[in-house]
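Novice: Here you go, sequence then predicted model.
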Amino acid sequence: MNNDNLQQLQGKPVIFYDGTCGFCQGSVQVALKHNKGRDLYFAALQSGLLQALVPGAQLPEILPDSILFYENGKLYSESEAALRIARYLNFPLRILYYFRIIPLSFRDFVYRFIARHRYLIAGRTEACMLPSPEERARFVA
């Protein structure tokens, strides 16, 4: 990805997901279907875009177990990432954002449990999903 493309993404919300996780790919499919504003962008964690787009100080030492969300120059992980993504989805999924009132420690505990077991829940794939031609423009890496 060249510098012009990176500059264009600076103000855009980007979901980084595990490209080999069926659960993560299913979550991306839900986001694609319910983001009628078409303002979410997607990239596999394995693509290298995360390291190119996000300032090094924000990068996790080890890639997470599922998703990261980059919005307005800040990187979010775990439950905070998932709930911030919900704001971009149509009603009724948008309501999930208000689960932020639940204490972060409990939300992240539940999130980590699901993340640890995501391959048991939805399986593992050897390759990323193939988006439709109209969805392809929203996949940035």
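Specialist: Good, I have the coordinates.

Novice: Next, count neighbours for residue 23.
Specialist: The tally of other residues near residue 23 (other CB atoms under 10 Å) stands at 21. For the C-beta atoms, the positions are set from N, CA and C on the backbone; glycine is no exception.

Novice: part of a helix, is it?
Specialist: Yes: using DSSP: H, G, I helix; E, B strand; the rest coil, the assignment for residue 23 is a helix.

Novice: any idea how far residue 44 is from it?
Specialist: When distances are taken as CB to CB, to the nearest Å, residue 23 and residue 44 turn out to be 14 Å apart.

Novice: How many neighbouring residues does the nearest residue to residue 17 once chain neighbours are set aside have?
Specialist: Counting by CB to CB, 6 or more residues apart in numbering, the nearest residue to residue 17 once its immediate chain neighbours are dropped is residue 24, at 4.2 Å. Around residue 24 there are 25 other residues, counting by other CB under 10 Å.

Novice: Okay, now the unreliable bits of the protein?
Specialist: Per-residue confidence of the chain (counting by pLDDT under 70) places the weak regions at 1-5, 21-22, 62-65, 118-119, 121-133, 141.

Novice: which residues in it form strands?
Specialist: Using DSSP state E, the strands of the chain run over residues 14-17, 41-44, 68-71, 74-77.

Novice: Endpoint to endpoint, stretch 28-48 covers what distance?
Specialist: Across stretch 28-48, the straight-line distance between its terminal residues is 18 Å, by CA to CA, to the nearest Å.

Novice: Correction: the previous question concerned stretch 74-91.
Specialist: From start residue to end residue, stretch 74-91 stretches across 25 Å - CA to CA.

Novice: Distance from that stretch to the middle of the chain?
Specialist: Average the C-alpha atoms of stretch 74-91, do the same for its chain, and the two points are 8 Å apart (CA atoms, centre = their mean, to the nearest Å).
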